[in-house]
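1. sequence isn't available, so here's the structure alone:
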């Protein structure tokens, strides 16, 4: 007898029949009826009308029946909130059942019922279950906290469940620890402001112990959680790595990838000359290679991640090229990824093998794959100069095959090869021209037209060739039209006598008959250039082109770092930050790698005041690169940059609130070091000693880089000034406002808390000057939604003075343009956490109001940056 | 990591059974999945990860069923896929076959399992032997001893129950090595790798402690026995039960084994050993008339070993007809559905060479469809032999009751992904 019979009743009046059966006295009949209900639910029929009748069956001593009723409840409670209340009593009762299986079942189901009215009643049972003697119940209750938090976060906080959950991290049972970690991570993710995963060396140690004992899934939760921790120093980093490496031998690919994530992140902190660093690098390669023997979907995830790893640390897999060779029976998505990695690993040492493979692939039948293979050959030519010649001849061979898409793809890449190695391979042009007629894709047509225009002087019939394209000008895509326009202008400049008519024709087509503004603009520019100053036109149009770079598709370094922190997840598969595809995640701080290994660590928050780090002179402890370098830099600047703006001191903690201790202060950036300058005044009657300071997590990871240096006791009415160097490698949590800093100061009397706001300009680093090209590309790349505009009123500086003043605060002017009496200054700023802010400042002579536009990938900083502009310019 | 987990059958285009692990997701979004798959199929496109709006679908296919996970967060993709594969395993252990019918026939158990293996998107217990202890396929009455969660579920040893008893205590080990080979059309070896696996069938009472000794090169170096013949394992993967930190420290493989059958470990090594079976082929295609195939197979292992059930698959054009074969040994079969000739040799001793010739007609009208150049593939198995030379030196079995137990070891080498490209 099978269950499938339950699916077969489709008679009319079925609901009534079921109702009668559900209310039957016979237990067997009841159970049969519930099964039928569930079967109907499974096939998508609405059986919510039976809610009261099904709930009536809940109080049963039959486990199977109970499970079915619970299942029904989870599905329909939301649509029948009032009646769902009926179930509460049974849940509460079941949570007290002598059988742990029932207790766990009740607590598990309860959390899935998303009805506000019910949740309140569930708190007491949940509290009991969290302290249950049976680990099976505790592990289930731990997850239930996360469920409840998702429904009503406030309730969970008020009831103190979060603390209980934190306590479970120290539970004796590894499964309970793993689920508690998973639940806390889940809550922390949706709630970035909470101080939940307050990891410290003690809790890390507990996690590492549980790691050896829990199930494969538990290991993944723990590893993923570890990856969010920032070790205090390289020694801690190494000891965690040592305890995580054995996971690389786990049979489950997901465990391996999560371990790789932790190692890739913590490695960042190890000094490169450490023996262990080299050992670790060597240990990473074999497990990564083995991932390629997993199921195809897992291979795909692994390959997407290897792609990131190869970009971050090419040395790991540089000898493993062959494992990425494509097999005939690989699914296409695996083939394409392997190909991508092959190109990244291509070097002079292995290029011969790579080319032989690529040539093989280029004769396959799968169009996408073949295209990519052809493109890859071109990329090899550009990447490995010694192979360029061989690549070109391979491409010519492929063109001879006359397979349409192969030819087109080959022409597109040959154009790039010409760009990279000018005046070297032009002998092949004749062969290319033979294939002109077969090109039907815009990219290939545009490439071919570019080649003809660029080498017009060597192609006898260049004018005929270009003219042939002109006939269908308006049917071409914009890309082709623009290219054709430029090519004909080039041709004209090279062979003016024969081509006057042609150039007239294309200019009029572009300017008069086209709707496309880009095309018209370009047409007019050429027209005016040619008619006013042909010499200048030649200089502009035939200017020497900048070389193209080897790696055109590298992931931008900050994004790469973020993705490395997300190894194994969807983000690493999409190669996009989570904020790009997860709703409601905007504003969540981007993950980043810890800073390099040679930097003095900052004391971790939560280590407690008792465990103050060894006293070190503040000057030796200067965090974050290059105090000296910056001093030298000063001389090289334009003019005399003024010093950085320092806001005046304000009272942060009035004496009234702190038993007589008054604290005022400000922030400054001196020679690349952020300083918190404090004035402590004792307004009490007794002597104060034992000062110490701690920061709460904050948006930019500010943390004291050393202890608070108040060495002598502070007598009544005495004042002392101290400056505290800060680092930016502390724990990160987004604050509101962004530049808010919560501080705790301790002395022999008590602990006092206050909060202050620092000017974000303190975080502007000295190497914040962006390359012009990069600036342009970045400006374009950042979506317009991220742009914000502000007015700075009543500012009486000219643009030069403004620029100098801003430079003092590490706001760098990259370019200046003057349009109709208005100066446009383009500036870049880099924050200590790697976020770039680009700015355009408009200054009009005689007008005291400036307009400023800010563009940044993390638009939430714009407001703070604007405030800095205002403060700097007006002081 | 929120997700819904669905089993879907492509023919009826409906969701067979599903479970919403996070209540806050709209089940209707799952309906977008099948149309996307249909569209991709039409475009001959494929990706294990598809998106619709803010929903991400991660799927695998088992026979004609899709197992789909849907999430809206930045879920751990590796975890999701390995979980889906684990589910296939669990369902197979429960219902023998995972197919539409077995799901329908057992939908109550399926629901129970789905409830137990994952909670709020976090995978829980997925070991089917342990699950079977408290999720059985018969209904339970609470008063007649309802099952309790076995301690195993939450124990550090979550893969073996206590109180197992056998009259005769034995362990059977299979050391299986698969050879993956990729040879270029010009006859040079591009890749040659061995993927080995040690499988256990454990028939032991109580909670035995096992220690496995292999001729592992690193271990021998540590213990200073470098002269013996050893094997350098490039990467080793272990079953949950093996103490990984212990292995990392002193290369000891120690564990409490799961009961019954399991894979204890797998390893991988690159090898420069001669390909075990070498194929030389000439495939001449005379357009519009015929294809002539000449294949020479040579066994390059010692003559005391013999390869069994050798099957050599040679690709032929899909429009080929009227096959004719001649072989020096074995028999040939034309498999038009796969467009290959399969040459079977029941027994192929080491150091021998055999020939095969095949002749096919081709239609005078050439098909317009381009055909890929498929490789020749070879299947074989060689018993009592490992290519790597790996040896089980000992298997120590200690149980507190002090019983004697016998270990049995079997070695076999077989073909893995064994491909030789053709011109």
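-> All right, it came through fine. These numbers come from a predicted model, not from an experiment.

2. and after the host helix or strand of residue A:257, which helix or strand comes next?
-> Residue A:257 belongs to helix A:253-267 when elements are defined using DSSP states H and E. Sequence-wise, the next helix or strand downstream of helix A:253-267 (DSSP H and E) is helix A:275-290.

3. grab the nearest non-local neighbour of residue B:92.
-> residue B:98 (5.3 Å; C-beta to C-beta, 6 or more residues apart in numbering or on different chains). Every residue, glycine included, has its C-beta placed from N, CA and C.

4. residues near the one you found, how many?
-> 21 (other C-beta atoms under 10 Å in any protein chain shown).

5. now swap in the one 5 residues further on and tell me
-> Using other C-beta under 10 Å, residue B:103 is surrounded by 21 other residues.

6. where does the prediction get shaky in chain A?
-> Filtered on pLDDT under 70, chain A yields the residue ranges A:1-5, A:7-13, A:192-195, A:550-552, A:584-589, A:595-644.

7. nearest the middle, which residue of it would you pick?
-> residue A:577 (3.4 Å; C-alpha atoms, centre = their mean).

8. one step back: contacting residues for the residue nearest to residue B:92?
-> By C-beta atoms under 8 Å, 6 or more residues apart in numbering or on different chains, residue B:98 lies in contact with B:62, B:63, B:65, B:88, B:91, B:92.

9. which one (most neighbours) among the residues you listed?
-> Highest neighbour count within the contacts of residue B:98, by other C-beta under 10 Å: residue B:91, with 24 neighbours.

10. just the pLDDT for that residue.
-> Looking at residue B:91, its pLDDT is 92.

11. that one belongs to a strand?
-> No - counting by DSSP: H, G, I helix; E, B strand; the rest coil, residue B:91 is not found in a strand; it is helix.

12. all the strands of the stretch 51-200 of chain A, residue numbers only.
-> Under the criterion DSSP state E, counting those that start in this stretch, the stretch 51-200 of chain A contains no strands.

13. from chain B, how far off is residue A:448?
-> 24 Å (C-beta to the nearest C-beta, to the nearest Å).

14. which ones are touching that residue?
-> So residue A:448 contacts A:411, A:415, A:432, A:436, A:439 (C-beta under 8 Å, 6+ apart).

15. will you turn those into CSV that also has neighbour count, distance to chain B and secondary structure?
-> Formatted as CSV, these follow (neighbours: other C-beta atoms under 10 Å in any protein chain shown; distance: C-beta to the nearest C-beta, whole Å; DSSP: H, G, I helix; E, B strand; the rest coil):
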residue, neighbour count, distance to chain B, secondary structure
A:411, 27, 20, helix
A:415, 21, 26, helix
A:432, 24, 24, helix
A:436, 15, 24, helix
A:439, 22, 20, coil
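
16. what is the most widely separated pair among those residues?
-> For the contacts of residue A:448, the farthest-apart pair by C-beta to C-beta is A:415 and A:436; their separation is 13.8 Å.

17. follow-up on the earlier one: among the contacts of residue A:448, which one lies nearest to residue A:14?
-> Distances from residue A:14 to the contacts of residue A:448, taken by C-beta to C-beta, are shortest for residue A:439, at 64.5 Å.

18. which helices and strands does the helix holding residue A:257 pack with?
-> Helix A:253-267 makes packing contacts with helix A:216-226, helix A:234-244, helix A:275-290, helix A:296-312, helix A:557-564, helix B:77-95 when contacts are defined by 3 or more C-beta pairs under 8 Å, 6 or more residues apart in numbering or on different chains; DSSP states H and E.

19. from the chain's centroid, how far away is the shortest one?
-> Average the C-alpha atoms of helix A:557-564, do the same for its chain, and the two points are 6 Å apart (C-alpha atoms, centre = their mean, to the nearest Å).

20. buried sites along that helix?
-> Within helix A:557-564, the residues scored as buried using 16 or more other C-beta atoms under 10 Å in any protein chain shown are A:558, A:559, A:560, A:561, A:562, A:563, A:564.

21. could you export those as TSV, including distance to chain B?
-> Output for the buried residues of helix A:557-564, formatted as TSV (distance: C-beta to the nearest C-beta, whole Å):
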residue	distance to chain B
A:558	17
A:559	14
A:560	16
A:561	16
A:562	11
A:563	11
A:564	14
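
22. what residues does the stretch 251-400 of chain A put near chain B?
-> Neighbours of chain B within the stretch 251-400 of chain A, by C-beta under 8 Å from any C-beta of the partner chain: A:251-254, A:257-258, A:286-287, A:289-290, A:293, A:295-298, A:300-302, A:322-323, A:325, A:327-329, A:331-333, A:353, A:356-357, A:360, A:363-366.

23. apply 6 Å and report the result again.
-> Residues of the stretch 251-400 of chain A lying near chain B by C-beta under 6 Å from any C-beta of the partner chain: A:251-254, A:257, A:286-287, A:290, A:293, A:295, A:297-298, A:300-301, A:322, A:325, A:328, A:333, A:364-365.

24. now do the helices in chain B.
-> B:33-42, B:77-95, B:100-105, B:107-117, B:128-134, B:217-223, B:244-250 (DSSP state H).

25. pick the most deeply packed of those.
-> Sort these by mean neighbour count, taking mean count of other C-beta atoms under 10 Å in any protein chain shown, and helix B:77-95 sits at the top with a mean of 22.

26. picking up where we left off before, nearest to residue A:682, of the contacts of residue A:448?
-> Once C-beta to C-beta is applied, the member of the contacts of residue A:448 that ends up nearest residue A:682 is residue A:415, at 74.9 Å.

27. residue B:352 and residue B:300 touch, don't they?
-> No - Residue B:352 lies out of contact with residue B:300 (C-beta atoms under 6 Å); the separation is 9.9 Å.

28. which one of the two has more residues nearby?
-> For residue B:352 versus residue B:300, the count of surrounding residues by other C-beta under 10 Å is larger for residue B:352: 17 against 14.

29. please name the residues that touch that one.
-> Contact analysis of residue B:352 by C-beta atoms under 6 Å, 6 or more residues apart in numbering or on different chains lists residue B:299.

30. ok, for the one residue in the stretch 501-650 of chain A that gets nearest to chain B, nearest residue in space, not its chain neighbours?
-> Closest contact between the stretch 501-650 of chain A and chain B, by C-beta to the nearest C-beta, is at residue A:578 (3.8 Å). Leaving aside its sequence neighbours, residue A:578 sits nearest to residue B:74 (C-beta to C-beta, 6+ apart; 3.8 Å).

31. check whether the one you found really touches residue A:571, as I assumed.
-> Yes - the criterion here is C-beta under 6 Å, and residue B:74 meets it with residue A:571 at 5.1 Å.
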